[in-house]
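quick one: sequence and predicted model below, then my questions.
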Amino acid sequence: MQDIYIGRQPIFDRNLEVYAYELLFRSGTQNQAGTFDGDQATSQVIVNAFIEIGLEQIVGSHLAFINLTRSFVTSKTTLPFPKDRVVLEILEDIHPDAEVIEGARNLAGQGYCLALDDFIFHENLKPLIEQAQIIKIDLMALSREQLNEHVRLLQGYNVKLLAEKIETQEEFEHCKQLGFDYFQGYFLSKPNIVQSTQLPPNRLSVLQLLSKLQSPETDATDIETLVMQDVALSYKLLRYINSAFFAFPKQIESIRQAVVYLGTQAIKSWVTLLVVAGLGNKPAELVTQAMQRAKMCELLAKTAKRPQSETYFTVGLFSLLEALMDAPLEKILESLPFTDDIRQGLLEHTGPYGEALACVIAYEKGDFLRAHFDRLAPSQMTDAYVSSAHWADQSSSSMSS
């Protein structure tokens, strides 16, 4: 388990109601960013906000302002989060060359709201101003006369103005008189830190998945197979797709459904972010055991001709989350809106899914009198156990080779 952190600072409207939160990279409990690589920091903020903690837990119904480095602005990869929940900040140290301008136009064309951070007017910034909807002006970087002139220059553009680094009541009142729309700074509210814990995905399996996603021959079945080999990645993707901002009419209960709904491009984007964010490894033996449980549950369901065998796989895969995350399973499941049947199966080992899981656990312990499922013969359960053990060992070996 690893502690994770993310800073957030509120942005207020003219009525001093919270309009949004800017999300900030934090590596610990100290309320400062420290020394960091820009791309890694942006990746970490995005992963922590959307996958690890959940955007609704950090900003609620408000917008999230996220800083983008040059490589994110110019990337051809589609960003994998809802356009109506974020404002993308183009940092002030990004030179507005042709590639950056094209990237900004591409993001704006996709429907993203763009903000220019720590803005100081220059003629070569005009193409970016035309793509932006919000201009953030740092009060500490300009004199009072320069600030007034910036407001005058920007009145000819269809943009909202955000005053940042407001330190005093007098500065706030002056910016309000100038017509600023949004306000941010220590006078109004300092950043605070949101802390949580993460179950890091296996770096090798994530890299393997990323490599596979590069191939045009890879189909949804290939992706499903690779994602299912990583219990943490499976958990994160299911939690993400079942979060409030997707609002699907029914719960997504299997990796297969998640792959279909998210699509190859979105999964590729998230896996790339996980790699760049540099998340670590998890206990190999526990993961192998979880994979074997998942496969045996699936094979028992298939042999007994039960429907939705992939959901049996999910139950087996998540049955060891308590040990992997060092937290009560009931608490973990609060962030995964599973059906009652799945919850019952994981928590009580009862119901259709719990029956399979209880059988698998009994078989693991050598308690063969309790190892029964449906009307399967002992030889059929033995075949399922041997096959699942072989599959888990092969999968683990392929991830570590």
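Right, received. Where do you want to start? In this text, all values refer to a predicted model and were calculated from it rather than measured experimentally.

distance between the helix or strand containing residue 342 and the chain's centre?
Per DSSP states H and E: residue 342 is located in helix 340-348. With C-alpha atoms, centre = their mean, to the nearest Å as the basis, helix 340-348 stands 25 Å off its chain's centre.

residues near the residue nearest to residue 102 when sequence neighbours are not counted, how many?
Distances taken as C-beta to C-beta, 6 or more residues apart in numbering place residue 74 nearest to residue 102, at 7.5 Å, with adjacent residues excluded. Quick note: C-beta positions are derived from backbone N, CA and C, even for glycine. Residue neighbour count, defined by other C-beta atoms under 10 Å, stands at 18 for residue 74.

check residue 17 too.
9.

so what are the domain limits for the chain?
Domain assignment for the chain, taken from automatic domain parsing, gives 2-196, 199-400.

mind checking how far residue 222 is from residue 259?
From residue 222 across to residue 259, the span is 10 Å (C-beta to C-beta, to the nearest Å).

same question but for residue 85, I mixed them up
Per C-beta to C-beta, residue 85 is found 22 Å from residue 259.

thinking again about what came up before, now do the residue nearest to residue 102, the pLDDT please.
What the model reports as pLDDT for residue 74 is 87.

thought residue 262 was touching residue 241?
Yes. Using C-beta atoms under 8 Å, residue 262 makes contact with residue 241 at a distance of 6.0 Å.

between those two, which is the more surrounded one?
More crowded of residue 262 and residue 241, by other C-beta under 10 Å: residue 262, with 20 against 17.

pLDDT on the helix or strand containing that one, on average?
Using DSSP H and E, residue 262 sits within helix 255-277. With pLDDT averaged residue by residue, helix 255-277 scores 70.

just stretch 315-329 next, same as before
77.

let the chain start at 424 from now.
Happy to do that; since the first residue is 424 now, the last one works out to stretch 738-752.

mind listing what's buried in it?
By 16 or more other C-beta atoms under 10 Å, the buried positions in stretch 738-752 come out as 738-745, 747-748, 752.

gap between it and the chain center?
Offset of stretch 738-752 from its chain centre (C-alpha atoms, centre = their mean): 20 Å.

need the CA coordinates for it. CSV is fine.
Taking Å, rounded to 0.1, in the frame of the first residue of the first chain, the C-alpha atoms of stretch 738-752 are listed here in CSV:
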residue,chain,number,x,y,z
VAL,A,738,-15.7,-12.1,-7.7
GLY,A,739,-12.7,-14.4,-7.5
LEU,A,740,-10.3,-11.7,-8.5
PHE,A,741,-11.5,-9.3,-5.9
SER,A,742,-11.8,-11.8,-3.1
LEU,A,743,-8.3,-11.0,-1.8
LEU,A,744,-8.6,-7.2,-2.0
GLU,A,745,-8.7,-7.0,1.8
ALA,A,746,-5.2,-8.5,2.0
LEU,A,747,-3.9,-6.5,-0.9
MET,A,748,-5.3,-3.1,0.3
ASP,A,749,-5.0,-3.7,4.1
ALA,A,750,-8.5,-2.4,4.6
PRO,A,751,-11.9,-4.1,5.4
LEU,A,752,-13.4,-5.6,2.3
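
state the distance from residue 589 to residue 441.
Distance from residue 589 to residue 441, by C-beta to C-beta: 15 Å.

show me which of the two is the more surrounded one.
Counted by other C-beta under 10 Å, residue 589 and residue 441 do not tie: residue 589 has more neighbours, with 22 against 16.

from what I can see the more buried one touches residue 562, true?
Yes. Here residue 589 lies in contact with residue 562, judged by C-beta under 8 Å, at a distance of 6.2 Å.

now for those two: what residues contact both?
Residues within reach of residue 589 and of residue 562 at once, by C-beta atoms under 8 Å, 6 or more residues apart in numbering, are 598, 608.

and residue 426, what element?
Using DSSP H and E, residue 426 falls in strand 425-435.

give me the more crowded residue out of residue 508 and residue 682.
Neighbours of residue 508 and residue 682, each counted by other C-beta under 10 Å, are more numerous for residue 682; the result is 25 against 19.

for the more buried one, which residues are in contact?
With C-beta under 8 Å, 6+ apart, residue 682 has these contacts: 643, 646-647, 650, 690.
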